[in-house]
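S.K.: Prediction below, plus the sequence it came from.
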Amino acid sequence: MKIPINLASQPFRRDRALMVASIAVSLLLLATLGGLISLILLDRSQLADVRHEVNQLEKDTRKVTAEQASLDAILRRPENTEVIERSVMLNELLYRKGISWTKILADLEKTMPFNVRLMAIRPYVNKDNQVTLDMQVGAESQGAVIEFLKSLESSALFESPSVPSSQAPSQSEPLFRSRVVVNYAQRL
């Protein structure tokens, strides 16, 4: 006969597997914490570089703004007004020179019906740097002019055509004459 005698104060339990798993999870969490700390330090160093670049750009911007202010002060002097007026005139001439007559006439040819005549055309640049065409057109019937306006409206090259004035045929002029103003898509 065997009598089990346990002299320990607490009974024996099999906790070894639980302890090993706990240690493994603890080591994994510790490795994750180390990775997060290294990412934080890397992010801080990158953020310091970005701050340095932003400060340098702000410094450069202030320097350029100060230079611009000093140049503007020089340009506003009374003795320089003639030069400014001349440069404005030259810039306007360059804008006008930038208008391509060949392109304007080729685009009008695509949209103008066969029975409408272009009597006069005057392109100019408006305050938004957009080319506006002021045209005088003639046709044997008012319907042909209306057809021309419809083709201008449907074209992607022309926008918001208007007819400020129109004249009926007379003995000296057998055509209906209309003045057409339209914005042209050529940008400067």
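M.R.: Nice, thanks for sending it over. On a predicted model such as this, the values are computed, not experimentally measured, just so you know.

S.K.: where exactly do the helices run in the protein?
M.R.: Along the chain, counting by DSSP state H, helices occupy 16-75, 81-97, 101-111, 142-154.

S.K.: The ones you listed: which one's closest to I5?
M.R.: Nearest of those to I5, taken as CB to CB: helix 16-75 at 23.7 Å. Heads up, the C-betas are built off the backbone N, CA and C, glycines and all.

S.K.: average pLDDT for the closest one?
M.R.: Averaging pLDDT along helix 16-75 gives 94.

S.K.: Distance from the chain centre to that helix, please.
M.R.: Taking CA atoms, centre = their mean, to the nearest Å, one finds helix 16-75 lying 31 Å from the centre of the chain it belongs to.

S.K.: Also stretch 113-126?
M.R.: Its chain's average C-alpha position is 31 Å from that of stretch 113-126, according to CA atoms, centre = their mean.

S.K.: coming back round to it: most tightly packed of the helices of the chain?
M.R.: Mean neighbour count (mean count of other CB atoms under 10 Å) peaks for helix 142-154 among the helices of the chain, with a mean of 16.

S.K.: per the record, what domains does the protein have?
M.R.: What automatic domain parsing lists as the domains of the chain is 17-76, 99-187.

S.K.: thinking again about what came up before, could the helices of the chain be laid out in TSV, adding distance to A120?
M.R.: Shown next, in TSV, are the helices of the chain (distance: least, CB to CB, whole Å):
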stretch	distance to A120
helix 16-75	39
helix 81-97	17
helix 101-111	12
helix 142-154	15
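
S.K.: which stretch among those helices comes nearest I3?
M.R.: Closest among these, using CB to CB: helix 16-75, at 27.6 Å.

S.K.: would TSV of the domains of the chain with distance to R86 be doable?
M.R.: Output for the domains of the chain, formatted as TSV (distance: least, CB to CB, whole Å):
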stretch	distance to R86
domain 17-76	12
domain 99-187	19
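
S.K.: In terms of secondary structure, what does the longest strand anywhere in the chain contact?
M.R.: The strand that spans the most residues within the chain, counting by DSSP state E, is strand 176-187. Judged by 3 or more CB pairs under 8 Å, 6 or more residues apart in numbering; DSSP states H and E, the packing partners of strand 176-187 are helix 101-111, strand 130-139, helix 142-154, strand 158-167.

S.K.: And those: which comes nearest R77?
M.R.: Once the helices and strands packed on strand 176-187 are compared by CB to CB, strand 130-139 is nearest, at 33.3 Å.
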